[in-house]
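Peer 1: give the three-dimensional model of this entry:
(chains A and B)
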2 protein chains.
Amino acid sequence: MGDLLVKYFIGLDVGGTNIRGGAVSAEGKILYKSKMATNVSRGRQEVADNILALTHSIVSYIKTPPSAIGIGVAGLIRGEEGIIAESPNFPDWIEYDLKTPLEKALKLKVVVENDANAAAIGEGWLGAGAGEKNFCLLTLGTGIGGGVFLGGKIWRGVDGMAGELGHINIHPEGRRCGCGNRGCLEQYASAQGIIKSYQGRRPVKGEFSAKEIFNLAAKGNGEAIDILRGVGSSLGIAITDLVNILNVRLFIIGGGVAGAWDYFIEPLKGEIAERAYKVTGDNVRINKAILGDDAGMMGAARLAMGN
Amino acid sequence: MGDLLVKYFIGLDVGGTNIRGGAVSAEGKILYKSKMATNVSRGRQEVADNILALTHSIVSYIKTPPSAIGIGVAGLIRGEEGIIAESPNFPDWIEYDLKTPLEKALKLKVVVENDANAAAIGEGWLGAGAGEKNFCLLTLGTGIGGGVFLGGKIWRGVDGMAGELGHINIHPEGRRCGCGNRGCLEQYASAQGIIKSYQGRRPVKGEFSAKEIFNLAAKGNGEAIDILRGVGSSLGIAITDLVNILNVRLFIIGGGVAGAWDYFIEPLKGEIAERAYKVTGDNVRINKAILGDDAGMMGAARLAMGN
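Peer 2: A predicted model of the protein is given here:
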């Protein structure tokens, strides 16, 4: 019997589009993974049901229950209780306790964490930050997610809202941002920001994605290349702020926009070389995230393990 | 015999102009304090001799040796060894070991810390941050010193260079800064920055101090008032960055420029209200530093105590 028992943890990454789930061993091996649609529009009970269904499908595959479950979800997570105070993806998740009903239904410990923090924990465990005690993660997607890892632990801040690195100010009188500020990094270095930069140069009809701007750049289009180089300059200004405030050496960049790496990395490093103190700037390393879409799931599983 | 023995610690704040020293009890009572000229121009041996002389004068006043000595000094302090890697005030202090010769001469434990960090530790011990686990200190003097206090401890960063809050970027194409960057907070919200703002509006002959601009503002001069309100806007932009990155609630502002509090506090709070997330911005408190010139000395003494 004993050797049939598998000790593992479930990590779930609950995004606006998909729920990704995985069975992860204590060593970080993914034993099984699966995803399903989140179906946000059908309300929070359906999302909770889908989380439960995905969990059951993992358990029935592995044939033993996990030791604990970790869930990463976008939004403001309140302290140890894991209450979701609010979430950009789920408008009806206000002061929402996702954790307690799941714990009751599954008879297991459930840990809830902000998804960007979960991704940083994942990259810090087995990804581009493996073995590093201090780094910042910037996930450049539709918006920008951030995680601040200090002294071997994620820094959550007083209200659980630290690491909003996409809202570092780049241009005080710049583009209006959804957060209320103007000229946030997110307005220049996210997929949305890239589209705005392109629209600022020429009118765009209908749907237009950042991917199309990447394709234009790949064909040698000067305007598109210029915009992607601008992503690097904006990142360089924000990372210099982080170097001056936190004196962290490692910055990990992930998300879909990291696909434009070859266009933005040189201007990014140029800004740091020009703007940061030499003694700290010279030590800065910019690494590409390596866990991709698994980062949040892996980090959530790692959190479920505890210390 | 026993009741004649006083248990105390010496805190020293070694500035570019003066060395301030104090005998501080474990409860934070200043038993005696004194200062003397630093005499930077006479070289590092003379400065070290002056530190020793001030220490001896304190010991001879108290009549018992202290338990340990803490020293705050501007510059990059390397890790536990307390080696001064470089210092803006002391050009010949490069990889300088101030600590070991003092320990030998005094037969006492000596701890060396960055002066802005020492001031933050002082304010966090008995000043405007007493009892607070998380805050940032901004000391607005000729330049801007900073300290980041997270989870009840000063955050020093990987190279001991964290907390350079005066070099948070405010205007990416703004005024050139001594650090290499452009448009740093220090260029707008320090005494030097205030003078530059005034000079940008009207030519100034000879020596002109920030104090004179404060006096003009006090007399109702619109231009001077405008410049001091601009200090608040710049601080508000930088503090919003800190709120988004660290989600700290308390910001302590000290230094000579804090004398212009009544002019800058309202625009400062206005920027945070406009730029920060409501959920974190609403919790922000801006407090005036209360230890004044004693902050660094008190913090250095607190460090000497250990944990």
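
Peer 1: for the residue nearest to residue A:13 when sequence neighbours are not counted, give me the pLDDT.
Peer 2: Counting by C-beta to C-beta, 6 or more residues apart in numbering or on different chains, residue A:296 is the residue found nearest to residue A:13 once chain neighbours are left out, at 3.5 Å. All C-beta atoms are positioned from the backbone trio N, CA, C, and that covers glycine. For residue A:296, the pLDDT comes out at 96.

Peer 1: does residue A:296 lie in a helix or a strand, and which?
Peer 2: Assigned by DSSP states H and E, residue A:296 falls within helix A:295-305.

Peer 1: what's that helix packed up against?
Peer 2: If you count contacts as 3 or more C-beta pairs under 8 Å, 6 or more residues apart in numbering or on different chains; DSSP states H and E, helix A:295-305 packs onto strand A:8-14, strand A:18-25, strand A:68-73, strand A:109-114, helix A:115-126.

Peer 1: the helices in chain A, which residues?
Peer 2: Shown for chain A, the helices assigned by DSSP state H span residues A:44-62, A:99-106, A:115-126, A:186-189, A:191-199, A:210-218, A:222-246, A:261-275, A:278-281, A:295-305.

Peer 1: what comes up buried for the fourth one?
Peer 2: In this case it means helix A:186-189. A:186, A:187, A:188, A:189 (16 or more other C-beta atoms under 10 Å in any protein chain shown).

Peer 1: returning to that earlier point: also compute the angle for the helix holding residue A:296 relative to strand A:109-114, please.
Peer 2: If you take axes from the mean of the first three to the mean of the last three C-alpha atoms, to 10 degrees, helix A:295-305 sits at 140 degrees to strand A:109-114.

Peer 1: spit out the contact partners of the one residue in the stretch 1-150 of chain A that gets nearest to chain B.
Peer 2: When distances are taken as C-beta to the nearest C-beta, the stretch 1-150 of chain A reaches nearest to chain B at residue A:134, 5.5 Å away. For residue A:134, the contact set (C-beta atoms under 8 Å, 6 or more residues apart in numbering or on different chains) comprises A:149, A:150, A:151, A:152, A:246, A:248, A:249, A:250, B:157, B:158.

Peer 1: those residues of the stretch 51-200 of chain A touching chain B, which are they?
Peer 2: A:76, A:85-86, A:134, A:146, A:148, A:150, A:155-165, A:167-172, A:179-182 (C-beta under 8 Å from any C-beta of the partner chain).

Peer 1: filter those residues to the buried ones?
Peer 2: A:76, A:85-86, A:134, A:146, A:148, A:150, A:155-165, A:167-172, A:179-182.

Peer 1: residue A:297 is in contact with residue A:72, isn't it?
Peer 2: Yes. Contact between residue A:297 and residue A:72 holds when scored by C-beta atoms under 8 Å: they sit 7.3 Å apart.

Peer 1: where do the contact lists of these two overlap?
Peer 2: Joint contacts of residue A:297 and residue A:72 (C-beta under 8 Å, 6+ apart) are A:11, A:12, A:13, A:118.

Peer 1: can you put the helices of chain A in JSON lines and add distance to residue B:207?
Peer 2: Converted to JSON lines, the helices of chain A look like this (distance: least, C-beta to C-beta, whole Å):
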{"stretch": "helix A:44-62", "distance to residue B:207": "66"}
{"stretch": "helix A:99-106", "distance to residue B:207": "64"}
{"stretch": "helix A:115-126", "distance to residue B:207": "50"}
{"stretch": "helix A:186-189", "distance to residue B:207": "42"}
{"stretch": "helix A:191-199", "distance to residue B:207": "46"}
{"stretch": "helix A:210-218", "distance to residue B:207": "53"}
{"stretch": "helix A:222-246", "distance to residue B:207": "30"}
{"stretch": "helix A:261-275", "distance to residue B:207": "31"}
{"stretch": "helix A:278-281", "distance to residue B:207": "31"}
{"stretch": "helix A:295-305", "distance to residue B:207": "57"}
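
Peer 1: about what we covered before: which of the buried ones among the residues of the stretch 51-200 of chain A next to chain B fall within strands?
Peer 2: A:76, A:85, A:86, A:146, A:148, A:150 (DSSP state E).

Peer 1: and those residues, which two are the farthest apart?
Peer 2: Spanning the widest gap among these are A:86 and A:150, at 24.8 Å by C-beta to C-beta.

Peer 1: phi, psi for the residue of the stretch 1-150 of chain A closest to chain B please.
Peer 2: Backbone geometry at residue A:134, expressed as degrees, to the nearest 10, gives phi -140, psi 120.

Peer 1: once you drop chain neighbours, what's closest to it?
Peer 2: Nearest non-adjacent residue to residue A:134 (C-beta to C-beta, 6+ apart): residue A:248, at 4.8 Å.
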